[in-house]
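1. Quick check, what structure comes out for this input:
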Amino acid sequence: MPSPQALQFRATSFSWIRHDVDTNNLYLKAGFILLSLADVVARTVPEIRGAPEFKCIYPFDAWTTRIMSRGHFGCDFEGTGIGLPNPLDSWGSCDDLLKYNTSAQWDGHFRRDGEISYNQCSWNVDNPQGWRNMIASRKNFFGQSSWNEMMLHNFGNLNTEPQMREAVRLWVTAFFYQSHRAGSLADAQAFQRKLAATGKRVPILKLDFSAPAASRFQYIAADQVVYP
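-> Predicted coordinates:
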């Protein structure tokens, strides 16, 4: 289930990692990995209804759940409400409000605000240049070591517990644990048992940020408790 803050936002925080995105830690020591829309289309998963609706992405952790007056699913600045789009549209305060289009503009904004995490502006997830800017900006702030933050509309605004449980059951494709954090494997194994009780089995993957970028995820048979 989403946290009470995520229910208030109608959006939940996720992180996005790739081999060229410098990341060495995630917020939680264990968690789950979602199918992407491209995965769903490619696999033609029959029971999937709808699609994950990501709204915006921040280069670093934006502390969204601590600033509860952010508008548009946590993508706006605190309390502005200026120029917000149709409630269902993806939107970023960098490009859609401030009209930024380069990583240099984002970097200048962040520096002027003292590199305070919750003063970041967000990029619209439907803007390919925004993604490139996010990746570029992460390489320009060596003092920042946090994960990035993406806001996901709560599975089509499914805000009741039975609906959310069903959505998560359908969309989860794997669990992960961060190998450098104590107790992480036990948490992932508990998640795997709970999901298996619903009739769906997915693997646990070891996530090692100290490994080469191309081999950070590893499947280890001994880590599994109900799979394969």
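2. Could you point out which residue ranges in this protein have low pLDDT?
-> 1-2, 37-38, 40-52, 67-69, 78-87, 155-168, 228 (pLDDT under 70).
3. all strands of it, in order?
-> 11-14, 30-34, 53-58, 123-124, 149-153, 172-178, 204-207, 217-219 (DSSP state E).
4. Next, please give the residue ranges for the helices of this protein.
-> Counting by DSSP state H, the chain has helices at residues 4-9, 37-43, 103-112, 128-138, 161-171, 184-196.
5. Please list all residues in contact with Pro203.
-> Listed by C-beta atoms under 8 Å, 6 or more residues apart in numbering, the contact partners of Pro203 are 174-175, 219, 224, 227-228. Where you see a C-beta, it was placed from the backbone N, CA and C, and this is true even at glycine.
6. Distance of it relative to Gln224?
-> Between Pro203 and Gln224 the computed distance is 7 Å (C-beta to C-beta, to the nearest Å).
7. can you check Asp20 too?
-> With C-beta to C-beta as the criterion, Asp20 and Gln224 are 30 Å apart.
8. out of these two, which sits in the more crowded spot?
-> Gln224 (17 against 9; other C-beta atoms under 10 Å).
9. what residues are up against the nearest residue to that one once chain neighbours are set aside?
-> The shortest distance from Gln224 to any non-neighbouring residue, by C-beta to C-beta, 6 or more residues apart in numbering, is to Ile204 (5.8 Å). Going by C-beta under 8 Å, 6+ apart, Ile204 touches 174-177, 185, 188-189, 192, 219-220, 223-224, 227.
10. Tyr227 too?
-> Tyr227 neighbours (C-beta under 8 Å, 6+ apart): 192, 196, 201-204.
11. likewise Arg18?
-> Ile135.
12. repeat for Asp95
-> With C-beta under 8 Å, 6+ apart, Asp95 has these contacts: 101, 123-124, 127, 129-130.
13. on that earlier part again, put together TSV for the helices of the chain, with mean neighbour count and distance to Leu97 on each row.
-> Putting the helices of the chain into TSV (neighbours: other C-beta atoms under 10 Å; distance: least, C-beta to C-beta, whole Å) gives the following:
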stretch	mean neighbour count	distance to Leu97
helix 4-9	16	18
helix 37-43	12	25
helix 103-112	16	11
helix 128-138	19	13
helix 161-171	15	30
helix 184-196	17	37
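14. now those helices in TSV, with distance to Lys29?
-> Below are the helices of the chain laid out as TSV (distance: least, C-beta to C-beta, whole Å):
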stretch	distance to Lys29
helix 4-9	19
helix 37-43	25
helix 103-112	27
helix 128-138	22
helix 161-171	19
helix 184-196	4
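15. Any idea which of these gets closest to Met150?
-> helix 128-138 (9.7 Å; C-beta to C-beta).
16. Export that closest one to PDB, keeping only CA atoms.
-> Output of helix 128-138 as PDB, limited to C-alpha atoms (Å, rounded to 0.1, in the frame of the first residue of the first chain):
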ATOM      1  CA  PRO A 128      13.100  13.100 -23.800                       C
ATOM      2  CA  GLN A 129      15.400  16.100 -23.400                       C
ATOM      3  CA  GLY A 130      14.300  16.300 -19.700                       C
ATOM      4  CA  TRP A 131      15.600  12.800 -19.200                       C
ATOM      5  CA  ARG A 132      18.900  13.700 -20.900                       C
ATOM      6  CA  ASN A 133      19.100  16.700 -18.700                       C
ATOM      7  CA  MET A 134      18.500  14.700 -15.500                       C
ATOM      8  CA  ILE A 135      21.300  12.300 -16.400                       C
ATOM      9  CA  ALA A 136      23.700  15.200 -17.200                       C
ATOM     10  CA  SER A 137      22.900  17.100 -14.000                       C
ATOM     11  CA  ARG A 138      23.600  14.100 -11.800                       C
END
